[in-house]
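Trainee: only geometry, no sequence info:
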């Protein structure tokens, strides 16, 4: 089973920045295709950004131009750089991996991290 760990959340003032990280715990696991989601209190979970296996990046309209998804293959980590944060960005952010590999073993599924809280104050 793939266990994902997110980090980097916190409290920031509007206009500030945060960088979220997502990696698999334990053995070396390369994330091929993944997405970042967020869920604000009382709202449904929504897609924020996706990173495909061929490095295409897809963003929700609400974060275009402010958020950037990227990967560091040397660290087997995926990042979400969030700039110009707004109070409406406040939510728990989740890493969702749909494809990855560990050595010669391929993983395909719907793996979720535990989430990391992002709070943007006005």
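Mentor: Structure received. Given the structure is predicted, the values throughout are model-derived calculations rather than measurements. Numbers count the residues shown, from 1 in each chain.

Trainee: for the protein, which residues score under the pLDDT cut-off?
Mentor: Counting by pLDDT under 70, the chain shows low-confidence ranges at 27.

Trainee: which other residues reach the longest strand seen in the chain?
Mentor: As assigned by DSSP state E, the longest strand anywhere in the chain is strand 91-102. The contact list for strand 91-102 (CB atoms under 8 Å, 6 or more residues apart in numbering) reads 2, 4, 6, 9, 20, 22, 24, 27-40, 43, 45, 48, 53, 78, 80, 106-113, 115-118. Quick note: C-beta positions are derived from backbone N, CA and C, even for glycine.

Trainee: relative to the helix or strand following that strand, what are the paired strands and their orientations?
Mentor: Downstream of strand 91-102, the next assigned helix or strand under DSSP states H and E is strand 105-112. Sheet pairing of strand 105-112 (DSSP bridges) gives strand 91-102 (antiparallel).

Trainee: what's the neighbour count on residue 107?
Mentor: For residue 107, the count of nearby residues is 18 (other CB atoms under 10 Å).

Trainee: give me the beta-bridge partners of the closest residue to residue 38 other than its chain neighbours?
Mentor: Among residues not flanking residue 38 along the chain, residue 91 sits closest, at 3.8 Å (CB to CB, 6 or more residues apart in numbering). Beta-bridge partners recorded for residue 91 (DSSP bridges): residue 118.

Trainee: hang on, the earlier thing: and the contacts of strand 91-102, which are buried?
Mentor: Taking 16 or more other CB atoms under 10 Å as the criterion, what is buried in the contacts of strand 91-102 is 2, 4, 6, 9, 20, 22, 24, 29-38, 48, 78, 80, 107, 111-113, 115-116, 118.
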